[in-house]
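J.: Return a 3D structure for these sequence lines:
(one chain, ligands or ions: 2)
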Amino acid sequence: MEEGRGGLGPGEARCGCASRSAHGSAALGARPAIARAWRSAPRSTAERVAPRPRPRQPRATSPGVRPGLGAAPAFRLAPRRAGPMAPQRRGAPKAHEGSGATERRRPSSMKSVRAPREAWRKWPRAAVLGAGATLAALLLWGSLGGDDGVTEVLAHRSEVLPGRFIEVPCSEDYDSHRRFEGCSPTKCGRGVTDAVITRDEARRIRSIAEKGLSLGGSDGGASILDLHSGALSVGKHFVNLYRYFGDKIENIFSEEDFQLYRDVRQKVQLAIAQAFGISAASLYLTKPTFFSRINSTEARTAHDEYWHAHVDKVTYGSFDYTSLLYLSDYLDDFGGGRFVFMEEGANKTVEPRAGRVSFFTSGSENLHRVEKVHWGTRYAVTIAFSCNPDHGIADPAFR
Ligand SMILES: O=C(O)CCC(=O)C(=O)O
Ligand SMILES: [Fe+2]
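T.: Numbering: from 1, shown residues only. Ligands and ions are numbered 1, 2, ... in the order given. Next comes the predicted model:
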């Protein structure tokens, strides 16, 4: 097997680690109640760090389709679209049922003469009421993150998949970007494997996430930790933990933590290369690559709204291949929170399972969303690769 470069290429000097050189000023003596300290940190600290990826509306999708984790949504309300999801919504109440009930209360003597005409007169009003009720139900359903009538499970949480790959035709999204022969997607699709990362590796990686995220955490339901740039959700903002801790960061993360993270990244990179028939060395780790922790707390800012459908290539620009390493188990650790590939006719879900790697080409052939988490806590890592060396970032490492 080919050795992956892991984004350690010409691009690495320009990566999130550039901000690392600026770390080191605000060192703390020990490991205090940091979350509280950060909540009261001056606003400017939070704003100087970790700019979120620029929110961009997926071009390939209809209005109402919004970017997911790591990007602010374009609209505040999520108008449900009449695209792939529409046919799968549950049936509307029948508009004429209301008028039928009215007719049943009428004295029977009047029924024969007046009922038909009155029914006709009342029908439009009943229809409007019925349509209104349907619309309200759909809006409520949508706002609750109701299921999309998902019909197919690509990967059940209980199965242990050696590997499952489904090829789908590539979208045109890649045409507007510089192409890299032997890397830019010509074969597109999605795969899931439980054979690349062990459950023990997933458990250890998750404890890195827990350690980092315990230092902060979003006020809303979605927190991120980016070990490359140092970005960490704190309250309604982000701080740069490398800048905040300086050299003391070594009291938080260990060399073994970073080594494990690198190993895992490399295994995922090899799996992607193999599945798409490209060289692992042609792939560059890109940003944002980050841990996510999601719970059922209500969203406080747009950054917490992880559930919107999006296309990674459109949302994040540099992504050519996206992968997700799940660190907790659907229905054991959390409810809701399934990953959904949105498709005409039948959406396909991936049920998270610790150690499960889901990967796919990042264009609109793989429009997707995450269901709202209803209970518990869901951990995952988004690991992204670009074919463009200029977009490469380095693995996390101590200076
Ligand atoms: O956590 C997941 O399952 C998906 C996250 C995602 O879509 C993203 O980071 O772009
Ligand atoms: Fe995504």
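
J.: Not counting sequence-adjacent ones, nearest residue to Asp304?
T.: Nearest residue to Asp304 in three dimensions, chain neighbours excluded: Gly220, at 2.9 Å (C-beta to C-beta, 6 or more residues apart in numbering). C-beta coordinates here come from the backbone N, C-alpha and C atoms, glycine included.

J.: Now for that neighbour: which residues touch it?
T.: 236, 297-301, 303-304 (C-beta atoms under 8 Å, 6 or more residues apart in numbering).

J.: What's the ChimeraX line that selects buried ones from those?
T.: Applying 16 or more other C-beta atoms under 10 Å to the contacts of Gly220, the buried members can be selected in ChimeraX as follows:
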select :297,299,303,304
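
J.: For the residue nearest to Asp304, give its distance to Leu232.
T.: 14 Å (C-beta to C-beta, to the nearest Å).

J.: ok, now Ala275?
T.: 32 Å.

J.: With ligand 1 as the reference, measure out to the residue nearest to Asp304.
T.: Counting by C-beta to the nearest ligand atom, to the nearest Å, the separation of Gly220 from ligand 1 is 16 Å.

J.: Need the contacts of Gly220 in CSV (columns: distance to ligand 2).
T.: Shown next, in CSV, are those (distance: C-beta to the ion, whole Å):
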residue, distance to ligand 2
Lys236, 22
Thr297, 21
Glu298, 21
Ala299, 17
Arg300, 21
Thr301, 18
His303, 14
Asp304, 15
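
J.: re earlier: so which of Ala275 and Leu232 has more stuff around it?
T.: Leu232 (31 against 19; other C-beta atoms under 10 Å).

J.: what's the neighbour count on the residue lying closest to Gly191 once chain neighbours are set aside?
T.: Spatial nearest neighbour of Gly191, excluding adjacent residues (C-beta to C-beta, 6+ apart): Phe165 at 4.1 Å. By the criterion of other C-beta under 10 Å, Phe165 has 15 neighbours.

J.: which ones are touching Phe165?
T.: Phe165 neighbours (C-beta under 8 Å, 6+ apart): 189-191, 275.

J.: I'd guess it is in a helix, am I close?
T.: No - Phe165 is assigned strand when assessed by DSSP: H, G, I helix; E, B strand; the rest coil, not a helix.

J.: picking that back up, and the two most separated of the contacts of Phe165?
T.: Distance extremes for the contacts of Phe165: the farthest pair is Arg190 and Ala275 at 9.2 Å, using C-beta to C-beta.

J.: and for those two, which residues touch both?
T.: Common neighbours of Arg190 and Ala275 (criterion: C-beta under 8 Å, 6+ apart): 165, 359.

J.: returning to that earlier point: strands - which of the contacts of Gly220 land there?
T.: Judged by DSSP state E, these include no members of strands.

J.: Tyr261: which of the contacts of Gly220 is nearest?
T.: His303 (23.0 Å).

J.: is it true that that closest one touches Ser223?
T.: No - if you go by C-beta atoms under 8 Å, His303 and Ser223 don't touch, sitting 9.2 Å apart.

J.: Need the overlap of contacts for those two.
T.: Looking at what touches both His303 and Ser223 (by C-beta under 8 Å, 6+ apart), the common residues are Ser233.

J.: ok, residues contacting stretch 222-229?
T.: So stretch 222-229 is contacted by 15-17, 19, 49-50, 69-70, 208-209, 212-213, 216-218, 231-233, 238, 240, 253, 258, 261, 287-294, 299, 303-306, 393-396 (C-beta under 8 Å, 6+ apart).

J.: mind giving me the domain split of this protein?
T.: As given by automatic domain parsing, the domain ranges for the chain are 2-42, 146-391.

J.: how about the helices in the chain?
T.: Here the chain has its helices, by DSSP state H, at 34-39, 43-48, 97-104, 108-143, 199-213, 241-245, 255-276, 312-316.

J.: Of the domains of the chain, which stretch is the most buried?
T.: Mean neighbour count (mean count of other C-beta atoms under 10 Å) peaks for domain 146-391 among those, with a mean of 20.

J.: My guess is Asp219 contacts His237. True?
T.: No - using C-beta under 8 Å, Asp219 is not in contact with His237; the gap is 9.5 Å.

J.: Kindly state the pLDDT recorded for Arg262?
T.: For Arg262, the pLDDT comes out at 98.

J.: Please apply the same query to the one 5 residues further on.
T.: Reading off the per-residue confidence, Lys267 sits at a pLDDT of 98.

J.: ok so, going back, what's the spacing between the residue nearest to Asp304 and Ser296?
T.: Gly220 sits 11 Å away from Ser296 when distances are taken as C-beta to C-beta.

J.: Same check on Arg190?
T.: For Arg190, the distance to Ser296 equals 27 Å [C-beta to C-beta].

J.: Likewise for Thr186?
T.: Thr186 is 41 Å from Ser296, by C-beta to C-beta.

J.: same check, this time on Val192
T.: Taking C-beta to C-beta, one finds Val192 at 25 Å from Ser296.

J.: Check Gly392 too.
T.: 36 Å.

J.: Ok, Thr193 next?
T.: Distance from Thr193 to Ser296, counting by C-beta to C-beta: 28 Å.

J.: Next, Tyr363: phi, psi?
T.: For the record, residue 363 is Gly, not Tyr. Main-chain dihedrals, Gly363, degrees, to the nearest 10: phi -80, psi -180.
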